[in-house]
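> Dropping the sequence and predicted coords here.
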Amino acid sequence: MDLRESIRKISDAMNAAVIGQQDVVERILIALLADGHVLMEGLPGTAKTRSVKTLSNLVESDFGRIQFTPDLLPSDVTGSEIYREQNGTFEFQQGPIFGNLILADEINRAPAKVQAALLEAMEERQVTVASQTHKLPELFLVLATQNPIEQEGTYPLPEAQMDRFLLYVRVDYPAADHEAAILRLVRGEKSGQHSDAVAQTSQEVIFQARQEVHAIHVAEAAERYMVDLVLATRNPQQYEGNLPKWIRLGSSPRGTLALDAAARAHAWLAGQDFVSPDNIRAVAPACLAHRVHLTYEAEAAGVTRSDVIDELLQNVVPV
């Protein structure tokens with residue numbers, strides 16, 4: 001089977017299970033193909049957890065879930081050394097981070113040390129315990145969720161740590177017709193009408209697809225456009241309109257790298273062999289929203305990061 005067809009089957013199955021969240025599904029698949037991590041933010045009940053669990057059922061993988069709480073310890077994530085009385089030695093017991101698809105649920109409920117342990121594993125793709133380094137699996141994708149409305153008992157991610165996520169995905173409530181379809185879907189699942197097993201896609205297919213994504217051509221003009229978008233977030237005063245009033249701090253170079261990786265994955269999914277400005281614009285909100293920091297004036301006016309990226313795309317055009 002063609003590699004794109006295999007990935008499209010995953011997309012179709014996810015859209016059938018997570019109704020009304022096509023953009024969310026697309027961006028999760030982009031992260032899978034671009035070998036990056038995703039931060040999902042949305043109100044309760046918007047299928048954030050369901051999206052991740054559905055993907056784990058469709059891809060040959062070990063699924064791990066970490067439910068973050070204020071009393072969690074770093075070792076609860078990474079694992080720890082355990083003393084074996086039988087032979088008098090210490091043995092490393094892996095934590096839930098040693099999986100392929102990791103759901104980091106409500107990441108903003110964990111204290112800073114636990115967040116740092118997770119983010120270090122995401123960046124380095126390894127865990128160090130008692131001076132011993134333990135490699136994480138080759139297929140390793142963290143999908144972290146956070147609830148934007150609760151403040152009590154939460155520890156918001158520092159802006160520098162949010163930068164480690166390839167994509168930021170805002171999950172909104174579904175439309176009315178989609179809500180009715182969700183009702184029927186869940187009712188059918190409880191009655192056993194949707195219990196058919198789905199063939200899992202092998203990890204080798206994912207790795208081969210990543211190679212094709214990496215080979216997608218990026219012309220110099222497309223590279224220039226990505227760089228211009230990121231530079232505009234750092235120097236908003238060079239543009240007219242609201243950007244100078246809204247942006248306090250712009251994107252790091254990780255923003256440019258994220259645009260490049262995500263735009264190539266978006267182009268590949270669309271059947272293209274090159275990156276176009278449309279691909280870059282399509283992924284810009286997910287790549288840059290969490291890397292742009294707002295002024296106090298913008299926050300007081302109720303401006304969102306998505307509003308800033310929309311304004312950015314209107315002001316910066318490809319040459």
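Sure, I can see it.
> Can you list the neighbours in contact with stretch 309-317?
225, 228-229, 232-233, 239-243, 246, 281, 284-285, 288-289, 292 (Cβ atoms under 8 Å, 6 or more residues apart in numbering). Where you see a C-beta, it was placed from the backbone N, CA and C, and this is true even at glycine.
> and if you look at stretch 223-230?
With contacts defined as Cβ under 8 Å, 6+ apart, stretch 223-230 is touched by 250-251, 253, 255-256, 259-260, 263, 277, 280, 284, 288, 312-313, 316, 318-319.
> Drop anything exposed from the residues you listed.
250-251, 255-256, 259-260, 263, 277, 280, 284, 288, 312-313, 316 (16 or more other Cβ atoms under 10 Å).
> can those residues go into JSON lines with extra columns for distance to Arg8?
Shown next, in JSON lines, are those (distance: Cβ to Cβ, whole Å):
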{"residue": "Gly250", "distance to Arg8": "35"}
{"residue": "Ser251", "distance to Arg8": "31"}
{"residue": "Gly255", "distance to Arg8": "28"}
{"residue": "Thr256", "distance to Arg8": "29"}
{"residue": "Leu259", "distance to Arg8": "24"}
{"residue": "Asp260", "distance to Arg8": "23"}
{"residue": "Ala263", "distance to Arg8": "19"}
{"residue": "Pro277", "distance to Arg8": "24"}
{"residue": "Ile280", "distance to Arg8": "22"}
{"residue": "Ala284", "distance to Arg8": "23"}
{"residue": "Leu288", "distance to Arg8": "27"}
{"residue": "Leu312", "distance to Arg8": "31"}
{"residue": "Leu313", "distance to Arg8": "27"}
{"residue": "Val316", "distance to Arg8": "31"}
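> And the furthest pair within these?
Within the buried ones among the contacts of stretch 223-230, two members stand farthest from each other by Cβ to Cβ: Gly250 and Pro277, at 20.3 Å.
> Dump the helix or strand hosting Leu183 to CSV, keeping only the CA atoms.
Per DSSP states H and E: Leu183 is located in helix 176-190. The C-alpha trace of helix 176-190 is given here as CSV (Å, rounded to 0.1, in the frame of the first residue of the first chain):
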residue,chain,number,x,y,z
ALA,A,176,-24.1,21.6,16.7
ASP,A,177,-24.4,19.0,13.9
HIS,A,178,-21.1,17.4,15.0
GLU,A,179,-22.4,17.3,18.6
ALA,A,180,-25.4,15.2,17.5
ALA,A,181,-23.0,12.9,15.6
ILE,A,182,-20.9,12.5,18.7
LEU,A,183,-24.0,11.6,20.7
ARG,A,184,-24.8,8.8,18.2
LEU,A,185,-21.2,7.6,18.0
VAL,A,186,-20.8,7.2,21.8
ARG,A,187,-24.3,5.6,22.1
GLY,A,188,-23.2,3.1,19.4
GLU,A,189,-19.9,2.4,21.1
LYS,A,190,-21.7,1.6,24.4
